[in-house]
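*Asks:* sequence and predicted structure, then a few things I'm wondering about:
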Amino acid sequence: METMQTNQKNKTALVTGSYGGLGTCFVKLHASAGGNLILVGRSEAKLAQQAEEVKKEYGVQVNTIAVDLSSPDAAPFIYDTCNKNGWQVDYLINNAGFGGQGDFARERTMEQDMTMIAVNIETPTRLCKLFFKDMIARGSGKVLNVSSTAAIMPGPLQAVYYATKAYVTSWSNSLWRELKGTGVSVTALMPGAMQTGFANAGGLEKTKLFSNPVSPDKVAKDGYEGMLKDKLNVISGLPGWQKAFMSMAPLMPKKMMLNFVFDQQRVSK
């Protein structure tokens, strides 16, 4: 831990969704290692409270940017705010994202799914497009994109969410290779079901999938350290049955897998 602390002093991490469950863990990890922070989220009040608490506990520099991450203007606003204030982003942690249970055609609204695509795909893509040019020019920078183990399969009753995470992992892996030799790296974090506000926000708390969620602390630590080591993918936080399923999923007949995932994501009566 001492080495990690030394390495992160004066490094600034920008964390989207900073006051959510996993985001809070990333913030504490980086601050405890001596790193400065730019906290990004929708609520100015929650950001201010989090910033005050982090500064008081860890004595690091903390700045905040309040913005709606579903807006197409969010990424340029974040980038321009950093440039205007002279805030160099050494680590970009695209943590913000959400899911939502329901039948795509009959239950989910257009607004719900388009907003999800904007937050899970569009804004992280725009942020990387903007910040990469500066990182490449400096010859240094690390990105952690929070994906999911959902990326490896289709997800009936969370069709759009699973598809967004398939994008995040595929895109992140491609960037990892494209950026080789530039001093910039991209890591995809692929957690399983976690004890965060994600399940409640997405209507998943009564599904089999979230019957045994894991703590986000170890997931965040694995992802953060994987980012520092320039790892390609980090899979973390899988309860026993999910580990077995992850290894079997590529070998299962597709229709059988779809039926299994559908059953896992139905809301229990």
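*Replies:* In hand now; what should we look at?

*Asks:* quick check: mean pLDDT across stretch 76-85?
*Replies:* Average pLDDT, stretch 76-85: 98.

*Asks:* I meant stretch 38-48, not that one.
*Replies:* 98.

*Asks:* quick one: contacts for G223?
*Replies:* Residues near G223 by CB atoms under 8 Å, 6 or more residues apart in numbering: F26, L144, V146, T187, L189, P191, V234, S236. Every residue, glycine included, has its C-beta placed from N, CA and C.

*Asks:* what does the lengthiest helix in the chain rub up against?
*Replies:* For the chain, the helix with the greatest residue count under DSSP state H is helix 159-178. Contacting residues not belonging to helix 159-178 are listed as 97-100, 104, 108, 113, 116-117, 120-121, 124-125, 128, 143, 145-148, 150-155, 185-188, 190, 202, 232-233 [CB under 8 Å, 6+ apart].

*Asks:* need the three-state assignment for the nearest residue to G141 once chain neighbours are set aside.
*Replies:* Setting aside the residues directly before and after it, G141 is nearest to M135 in space (CB to CB, 6 or more residues apart in numbering), at 2.8 Å. Per DSSP: H, G, I helix; E, B strand; the rest coil, the secondary structure class of M135 is helix.

*Asks:* same question for Y19.
*Replies:* Y19 ends up coil, using three-state DSSP.

*Asks:* mind checking which of the contacts of G223 land in helices?
*Replies:* Counting by DSSP H, the contacts of G223 place F26 in helices.

*Asks:* give me the subset of the contacts of G223 lying in strands.
*Replies:* Using DSSP state E, the subset of the contacts of G223 located in strands is L144, V146, T187, L189, P191, V234, S236.
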